[in-house]
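Colleague: got a predicted structure plus its sequence, pasted below:
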Amino acid sequence: MKNLNPIIPVPILIIIFIIAVLLMFIIWIRNKESRLKSTFGLLRRLAILALAFVIALRPMREERGADVQLSNLDVLFVLDTTLSMWANDAPDKTRIETARNDIKDIMDGLAGANFGLITFQNKSVVQSPFTQDEQTVLGILDTIQTPVSIYLTGSNIDSPYYDLESMLISSERKENRQTIVFFLSDGEVTHPGNTPCDYSLLGNMVDGGAVIGYGTDAGGLMRDKYGAVHDYDSDYDEFGAEGRAVSFIDENKLKEIADGLGIEYIHRERNTLLTPLISRIKASGDSITDKRYDFVLYYDTYYKYVPFLTGLLILELVIRIRENSRVLKKHGKKTAKKQKKE
């Protein structure tokens, strides 16, 4: 069925076809003409019906490995998935929900690029190396779950440093590629590493992007997988109302990372637009032709049957005209004889 694109649902087409065939056979059985002539007419009409049925199914030819125009951008997302990203500064969305939506918008705006994804808490994980399969990255994003607080040991914004470095090196080795980094985090550090990482050492491998900060100075209450509001413990630096754990954005830390990577910092607020940034990045890239073996194109082939259907319809029309002409002549002769008798 994947190589068919019917104009109406296939079950309905089959029902119409069966009804039409039954009607043709009923007419053939009741036909008073010679059996040879009526059978020839039945076969013609069945052929017309079969061709019309095939055309209505819209058969298509599948072609894999097509040459497609792609972008020369390697876009890497570094996403903070610590518990603080589930804080609800905004009334309708958590920080992580906003970040996920931003990633999807960026991918949509930079369609055709290669996308990679790193997530981090106290440790970093390369969830997806650079790939043209956008659905893989989107699927991973949708499977990210809220952490359970009792298993957490704090967050470290420097934890993705070495995975980021590895991904940047892999992109730099490619010919004619631009590497774009989007670092999405609230910047909060509750478990700092022994030695702070110097992101400026990676800046020469980054061609654009942004550090996007989530959260507010007022802070947001943190909830774990089970929706419980956390009491204060040693992982958090602040008390909220009634002893509840509250997360605050750390813009200074995020700006340090942005300065080190040589990209801009954006505080993600309700009215913040990423469209201008996406447009600038898209304009900076080039189009390249690449062979996509996972890319499938479908081409219509129903037109191959149209000449045969047209030929049969013309034949049916000619036969009908000739038969009607004979009937008219015969009727005319009978009328003339009747008039002579009168």
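Modeller: Done, it's in.
Colleague: strands of this protein, start to end?
Modeller: Under the criterion DSSP state E, strands of the chain are mapped to 60-71, 73-80, 114-120, 124-131, 178-185, 208-213, 220-221, 246-247, 264-267, 287-300.
Colleague: pLDDT averaged over the second one, what's the number?
Modeller: When the per-residue pLDDT values of strand 73-80 are averaged, the result is 95.
Colleague: so where is the stretch 201-342 of the chain shaky, pLDDT-wise?
Modeller: Scanning the stretch 201-342 of the chain for pLDDT under 70 picks out the ranges 224-244, 287-296, 327, 330-342.
Colleague: about what we covered before: adding mean neighbour count and distance to residue 309, write the strands of the chain out as a markdown table.
Modeller: All C-beta atoms are positioned from the backbone trio N, CA, C, and that covers glycine. Listed next are the strands of the chain as a markdown table, based on neighbours: other CB atoms under 10 Å; distance: least, CB to CB, whole Å:
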| stretch | mean neighbour count | distance to residue 309 |
| --- | --- | --- |
| strand 60-71 | 13 | 18 |
| strand 73-80 | 25 | 48 |
| strand 114-120 | 23 | 46 |
| strand 124-131 | 17 | 45 |
| strand 178-185 | 26 | 52 |
| strand 208-213 | 25 | 55 |
| strand 220-221 | 20 | 66 |
| strand 246-247 | 25 | 68 |
| strand 264-267 | 17 | 59 |
| strand 287-300 | 12 | 15 |
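Colleague: got these as CSV, with distance to residue 254 columns?
Modeller: Output for the strands of the chain, formatted as CSV (distance: least, CB to CB, whole Å):
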stretch, distance to residue 254
strand 60-71, 27
strand 73-80, 10
strand 114-120, 14
strand 124-131, 17
strand 178-185, 6
strand 208-213, 5
strand 220-221, 16
strand 246-247, 14
strand 264-267, 6
strand 287-300, 33
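Colleague: nearest to residue 45, out of the ones you listed?
Modeller: Residue 45 lies closest, by CB to CB, to one member of those: strand 287-300, at 25.5 Å.
Colleague: residue 306: how many residues sit nearby?
Modeller: 11 (other CB atoms under 10 Å).
Colleague: kindly report the same for residue 316.
Modeller: Residues lying near residue 316 (other CB under 10 Å) number 15.
Colleague: quick check, it in contact with residue 44.
Modeller: Yes - here residue 316 reaches residue 44: they are 6.0 Å apart, a contact under CB atoms under 8 Å.
Colleague: thanks again, I'm all set now.
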